[in-house]
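Colleague: Everything below, folded, please.
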Amino acid sequence: MLSIPVNLGLPRAPRLITSLPGPCAEAIVKRDRAVTSPSYTRDYPLVVARGEGCMLEDVDGNIFLDMTAGIAVTATGHAHPQVVAAIQAQAANLIHMSGTDFYYEPMVELAEKLACHAPFPNGARVFFSNSGAESNEGAIKLARYYTKRSSIVAFLGAFHGRTYGAMSLTASKTVQRANFGAMLAGVTHIPYGTHASVDYLEKELFLTILPPNEVASIVVEAIQGEGGYIVPEDGFLQRIRDICDRYGILMIVDEVQSGMGRTGRMFAIEHWGVMPDIITTAKGIASGLPLGAILSRPEIMTWQPGSHATTFGGNPVACAAGIVTLQLLENGLMENAVNMGELLQAGLTRLHERFPRMSLPRGKGLMVAVDLLDEEQSLDRELRDRILQEAFLRGLLLLGCGKAAIRFCPPLVIDSEQIKIALDIIADVLVEML
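Modeller: Residues are numbered from 1 along each chain as shown. Got it, this is the predicted structure:
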């Protein structure tokens with residue numbers, strides 16, 4: 001049965017009572033600029049005080065409809081009461097006792113549940129991390145450890161994180177790599193998502209500069225996230241699997257953004273019926289608490305005690321939130337992602353027909369994007385950014401991705417009324433701007 005919490009305290013639609021940013025928000029933004037790293041990206045001056053479901057309230061009492069879910073993190077909505085109760089109960093008993101060195105049941109229980117959902121024939125082994133970047137770092141190490149090879153193939157447009165190993169695989173924006181010196185050695189990037197790309201890998205690179213018997217892994221997003229919510233051509237992921245099988249290469253699928261029910265399946269790779277060797281995940285796994293995981297076929301995760309570990313990964317409070325998150329995904333939220341995703345794409349398609357400078361939508365479930373185009377139908381980043389700002393000023397929170405895309409990754413508890421509200425606001429913005 002679908003479990004969508006009723007918003008008892010916040011309205012179900014945006015309500016703005018001050019100019020944006022309001023006076024309290026403006027003061028906090030000023031304080032923030034004086035003490036926090038300028039490397040943080042802030043698209044607009046939202047200063048959040050609390051949230052319920054798909055709604056957020058800022059420090060001035062303004063109410064917003066959230067179509068970002070904290071970058072696809074709060075899968076069960078903001079402050080889902082069952083998740084909050086699990087966090088409170090676990091925190092009252094045990095907040096931390098490192099799973100690297102000791103045992104506690106929430107870590108085991110969550111690993112068991114994830115292993116049951118892994119698309120592997122014989123279950124999975126699970127390593128818990130703190131984030132998607134850390135999951136990808138560990139997956140790189142695991143692939144090299146298991147294969148005794150060092151080279152890695154990744155994709156242009158990919159985002160796997162900003163720590164050094166993950167950053168070496170990332171190829172989304174130059175700002176993410178510029179001025180940081182040498183990257184991890186042995187990484188080769190190719191275009192994403194097309195059969196031509198796979199041909200280039202096997203018929204050009206493997207025959208010239210990249211011996212396939214030295215490649216440890218091909219690291220691929222089932223759907224590119226930061227790169228633009230790009231859905232690969234049918235057959236692309238199957239061909240990656242085939243190449244990995246023929247050359248003894250491990251297929252690592254990054255499901256940090258696309259996983260945990262967002263596309264209507266626990267992992268997006270399931271839409272294509274492809275079995276990877278390793279899956280990395282994070283974001284939606286614990287409804288907002290810092291947690292990530294590496295899932296591998298059992299015969300691959302054979303590294304020795306001490307070869308890879310983390311102090312905080314698999315924290316008992318985060319695991320308690322993860323257990324309830326999985327239950328909610330199983331009990332209706334994945335189904336809701338399918339239904340609301342279809343409704344969202346249908347509405348965006350109608351907007352495209354009215355406003356051809358907004359592309360047709362793409363994606364699966366509640367991982368959806370549209371591009372903004374200029375009058376010559378070329379990508380228009382400036383227009384996209386202006387739309388994000390205008391939507392914020394009307395109480396709708398959106399994020400960009402890719403070169404000129406708007407991504408829609410709301411909490412999976414969103415309902416049809418809130419989908420309609422979001423579409424109406426976007427329509428109003430497009431009428432004014434186009």
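Colleague: Going by C-alpha atoms from here, please, whenever you check contacts or count neighbours.
Modeller: Noted.
Colleague: what residue is smack in the middle of the protein?
Modeller: Q257 (1.6 Å; C-alpha atoms, centre = their mean).
Colleague: tell me which residues of stretch 121-141 are tucked away?
Modeller: The neighbour-count check on stretch 121-141 (16 or more other C-alpha atoms under 10 Å) flags 123-141 as buried.
Colleague: Tell me which of the residues you listed fall in strands.
Modeller: 125-129 (DSSP state E).
Colleague: of those, closest to G314?
Modeller: Nearest to G314, judged by C-alpha to C-alpha, of these is F128 at 5.0 Å.
Colleague: Next, work out how far apart the closest residue to the closest one other than its chain neighbours and G51 are.
Modeller: Using C-alpha to C-alpha, 6 or more residues apart in numbering and skipping the chain neighbours, the partner closest in space to F128 is A293 (4.4 Å). Here the criterion is C-alpha to C-alpha, to the nearest Å. By it, A293 lies 26 Å from G51.
Colleague: okay, these two: which has more neighbours?
Modeller: The neighbour comparison of A293 against G51 (other C-alpha atoms under 10 Å) goes to A293, with 28 against 21.
Colleague: Can you name the residues bridging to that one?
Modeller: Assessed by DSSP bridges, A293 has beta-bridge partners F128, T281.
Colleague: ok, now which ones touch it?
Modeller: 126-132, 135, 280-282 (C-alpha atoms under 8 Å, 6 or more residues apart in numbering).
Colleague: would you turn those residues into CSV with distance to Q82 and pLDDT?
Modeller: CSV is the format used below for those (distance: C-alpha to C-alpha, whole Å; pLDDT from 0 to 100):
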residue, distance to Q82, pLDDT
V126, 24, 98
F127, 25, 98
F128, 22, 98
S129, 23, 97
N130, 22, 97
S131, 23, 97
G132, 24, 97
S135, 26, 98
T280, 25, 98
T281, 22, 98
A282, 20, 98
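Colleague: Closest to P106 out of these?
Modeller: For these, the nearest to P106 is F128 (11.9 Å; C-alpha to C-alpha).
Colleague: Identify the residue nearest P45 in space, chain neighbours excluded?
Modeller: Nearest to P45 is P21, by C-alpha to C-alpha, 6+ apart, at 6.0 Å.
Colleague: Help me confirm that the one you found comes into contact with V59.
Modeller: No - in this structure P21 lies outside contact range of V59 using C-alpha atoms under 8 Å: 9.7 Å.
Colleague: can I assume N315 is in contact with M107?
Modeller: Yes - applying C-alpha under 8 Å as the test, N315 and M107 come out as touching, 7.4 Å apart.
Colleague: Identify the contacts common to these two.
Modeller: G99.
Colleague: What ranges does the stretch 151-300 of the chain have for its strands?
Modeller: Remark: strands assigned in the stretch 151-300 of the chain by DSSP state E, counting those that start in this stretch are 151-155, 187-190, 215-221, 250-254, 278-281, 292-296.
Colleague: now swap in the stretch 301-434 of the chain and tell me
Modeller: 362-364, 367-371, 396-397, 399-401, 405-408.
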